[in-house]
Structures are given as structure tokens and as C-alpha cells.
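Undergrad: sequence plus predicted model, see below.
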Amino acid sequence: MQAETKITMNAPITLITGTRKGIGQYLVEHYLRAGHQVIGCSRTQPEWHLDNYVHYNVDVADETAVRHMFSDIRRRFKHIDHLINNAGIAAMNHAMLTPISTLKNVLDTNVIGTFLFCREGAKLMQTRRTGRIVNFSTVAVPLSLEGESAYVASKAAVESLTKVLGREFAALGITVNAVGPVPIETDLIRGVPADKIDNLVARQAIHRLGTPQDVANVVDFFLSPASSFITGQILYLGGVS
Amino acid sequence: MKDELVTLILDTLREMGSSGQFTLDGVTAETPLFGKNGLLDSIGLVSLIVAVEQGIEDRYQKAVSLADEKAFSQKKSPFRSIDSLADYAIELINAG
């Protein structure tokens, strides 16, 4: 894999979670192409290496490990400009067939992971009185998608966090927003029956699967310096509201 | 150690004050940090706590949480003055 990298002294520092594959990996390449210094993490080591990319093997819900990671980032980079909380897991099953262990796993990664990274990320943004945090929700929240109670509840919590933290961090010059993708051809939806995906796509205003480019476009918008007056917002893809 | 902590807090306040939020003129270790006649508003106190935690980690290699439930359950708030915050930080550093 090749990514064109022209990094400068003042390159924005962008931290992305869940970068081993899928949308996270796409966003790493996207922001490296844009000249950012990119930091990423995942539970296991990716099978790729890129210039100007630093990887940490960390479980986003492990508070001690996350604190160590942020200490190391502070030591090496002093601050971060952007945080993209992409790491997430889904679970699809009828509520009556969903073990609590599944619910706890989903809440750990999606809610605790997002909270921990927002908390520690804001600490590395606050000294410069500027920063951008982008969280990941899903159209399954406004659609109240049946069969995904654990996932939808976790992402509803992410939306609430986004709105509250948008207010809490506003005085520090840090914005917090969320993108709500439609299904995208990644591991997250692999294994979901085709008719389920078709039904979901049919409920969108624009009837197609999403692409990583669709997601990157929204993230670009939230990260833009011109978006300093936009916080606590959830932007859904595909015309879902 | 106490002197180091007081200096760390004062340096942090000086850095924060340089953005024009407040002035350190006449500030002593007994100056109220927060509350009635306090130097800082609530977001200022949050910023101070984060910066002091980072300073403690850099200097003593200890990750402390200055604002956990214990701090808020103290009869006398550790955030009432630079002096009391330094004492509380030392307590946490030594306990860790």
C-alpha cells in the first residue's frame, strides 16, 4: 500500500481509532494524503506500515492502556489537533437472544471507548484552545433499527455524549460532532443477511450503500477550521433524519 | 516536594493567565483558586487540574486523578487554594 506523504513541521496531528482495516484504514490513508501526521490504534497490529503514521496496539475501552497511550502521544507530539473516534463494534440479534456479555462488549468499545478518547483527547487539545473531535454514530439510531438493540443503544449514547461534550468543551475551542453512516461494505456488515441491508437501504432517501469517501467527506467538513461554529451536531448520510 | 508542587501550580497558572484570563498580581499560596473571590471560573479550574496532573506525570511518573470522588468528598475542598491543592497532590503522589 502506498500513500503520498508530504509532511511539514506544522502538519495537523490527527488521531484515529480502529485503524487496522475498513473505514479507519481508509481515513488513515486519506489524512496522510492531506499531509497530516496520523496516529492510530487497534487491538491488534495492522498488516501494513505507512510513513508519518504511528500505531498503538490498544483496546479503546482499557482505561489504563489508553492513558499510557496518551501519555506517550503527549511526550512525542505535545498535542493533537483532531480526534476521530471510528473504532466500533456491532451486534445483530433479537433482544431476547442477546446475551448480556454481548451488550457489555458493545457498550465497552462504543461508549466507554469513545468517552475515554474524548476525555484524554481534549486534554491534549485544551492547551492550544482549539481542537476537533468527530464521533461515529449510525443511521440505525434515528431508524430505531430492530434487531440491533445493543448497537443502537450504544450509538444513541455516543450521540448524547457528542452533544454534552460539545457544550462542555466549547469554552476550550474544541468542537465535538458525529457522523452517522449508512451501511458501508466493510467487515462490520459482513455476515448481515442481504435482505436486511436491502431493507435498510430502502429506508434511506438515497438508495445505495455508503462508501468510505462519503464518510471522509463529512469528517473533512467537521475538521475544517471553517467549522469552528459547528458543535454537538449529528450528520447522517443517505438522507436519513 | 511541597515547594515543587506550589511552583508547578504557579507556573501553570502563569501560563493560563498569559492568555489574559486573569492576572497573578498579589497571588499567594493562600489565594482562593475557586469559589467566592476565586481566581478561576469552573472551566479554568478544569484546565488547571488537567495541566497539573500532566505536570505531576512528567515530574514524578505518577498518573494521579486530582478531581476524583475522593477530592469532592473532602470536608475541606483541595481546590480552595494553591497550598491546599499542593498538599492534596502530595498525598496522592505518595499514596500511588
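TA: Noted; the coordinates are in hand. Numbers count the residues shown, from 1 in each chain, chains lettered A, B, ... in the order given.
Undergrad: next, the buried residues of stretch A:35-43.
TA: Within stretch A:35-43, the residues that qualify as buried are A:H36, A:Q37, A:V38, A:I39, A:G40, A:C41, A:S42, counting by 16 or more other C-beta atoms under 10 Å in any protein chain shown. All C-beta atoms are positioned from the backbone trio N, CA, C, and that covers glycine.
Undergrad: just put those in TSV and tack on distance to chain B and secondary structure.
TA: Formatted as TSV, the buried residues of stretch A:35-43 follow (distance: C-beta to the nearest C-beta, whole Å; DSSP: H, G, I helix; E, B strand; the rest coil):
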residue	distance to chain B	secondary structure
A:H36	24	coil
A:Q37	20	strand
A:V38	23	strand
A:I39	18	strand
A:G40	23	strand
A:C41	18	strand
A:S42	23	strand
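Undergrad: what's near enough to touch residue 92?
TA: This is for chain A. Contacts for A:M92 (C-beta atoms under 8 Å, 6 or more residues apart in numbering or on different chains) come out as A:G147, A:E148, A:Y151, A:V192, A:K196.
Undergrad: ah, I was thinking of chain B
TA: B:K62, B:V64, B:S65, B:L66 are the contacts of B:L92 under C-beta under 8 Å, 6+ apart.
Undergrad: separation between it and B:E57?
TA: For B:L92, the distance to B:E57 equals 12 Å [C-beta to C-beta, to the nearest Å].
Undergrad: can you check A:P142 too?
TA: Counting by C-beta to C-beta, the separation of A:P142 from B:E57 is 41 Å.
Undergrad: now swap in A:A226 and tell me
TA: Note on A:A226: its distance to B:E57, by C-beta to C-beta, is 35 Å.
Undergrad: quick one: which of these two has more around it?
TA: Counting neighbours by other C-beta atoms under 10 Å in any protein chain shown for A:A226 and for B:E57 shows that B:E57 has the greater number, 16 against 8.
Undergrad: element containing that one?
TA: Assessed by DSSP states H and E, B:E57 sits inside helix B:42-60.
Undergrad: how many residues are close by the closest residue to chain A within chain B?
TA: With C-beta to the nearest C-beta, the shortest gap between chain B and chain A falls at B:I43, namely 4.5 Å. By the criterion of other C-beta under 10 Å, B:I43 has 15 neighbours.
Undergrad: check A:A95 too.
TA: 12.
Undergrad: what do you get for B:P32?
TA: By other C-beta under 10 Å, neighbour count at B:P32 equals 15.
Undergrad: next one, pLDDT for residue 51 please.
TA: I'll assume chain A. pLDDT, A:D51: 96.
Undergrad: wrong one, I was asking about chain B
TA: Looking at B:A51, its pLDDT stands at 94.
Undergrad: and it, how close does it get to A:R74?
TA: Counting by C-beta to C-beta - B:A51 and A:R74 are separated by 11 Å.
Undergrad: name the nearest residue to the residue of chain A found nearest chain B, sequence neighbours excluded.
TA: Of all residues in chain A, A:A171 sits closest to chain B, at 4.5 Å by C-beta to the nearest C-beta. Closest residue to A:A171 apart from its sequence neighbours, by C-beta to C-beta, 6 or more residues apart in numbering or on different chains: B:I43 at 4.5 Å.
Undergrad: next, give phi and psi for A:I84.
TA: phi -120, psi 110 (degrees, to the nearest 10).
Undergrad: how about the helices of chain A, start to end?
TA: A:22-33, A:63-77, A:100-107, A:113-123, A:149-168, A:194-202, A:212-223 (DSSP state H).
Undergrad: and those as CSV, adding mean pLDDT?
TA: Shown next, in CSV, are the helices of chain A (pLDDT from 0 to 100):
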stretch, mean pLDDT
helix A:22-33, 97
helix A:63-77, 97
helix A:100-107, 97
helix A:113-123, 98
helix A:149-168, 98
helix A:194-202, 89
helix A:212-223, 98
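Undergrad: possible to save those as TSV with mean neighbour count and distance to chain B?
TA: Listed next are these as TSV, based on neighbours: other C-beta atoms under 10 Å in any protein chain shown; distance: least, C-beta to the nearest C-beta, whole Å:
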stretch	mean neighbour count	distance to chain B
helix A:22-33	22	26
helix A:63-77	16	6
helix A:100-107	15	22
helix A:113-123	22	5
helix A:149-168	20	9
helix A:194-202	13	41
helix A:212-223	19	22
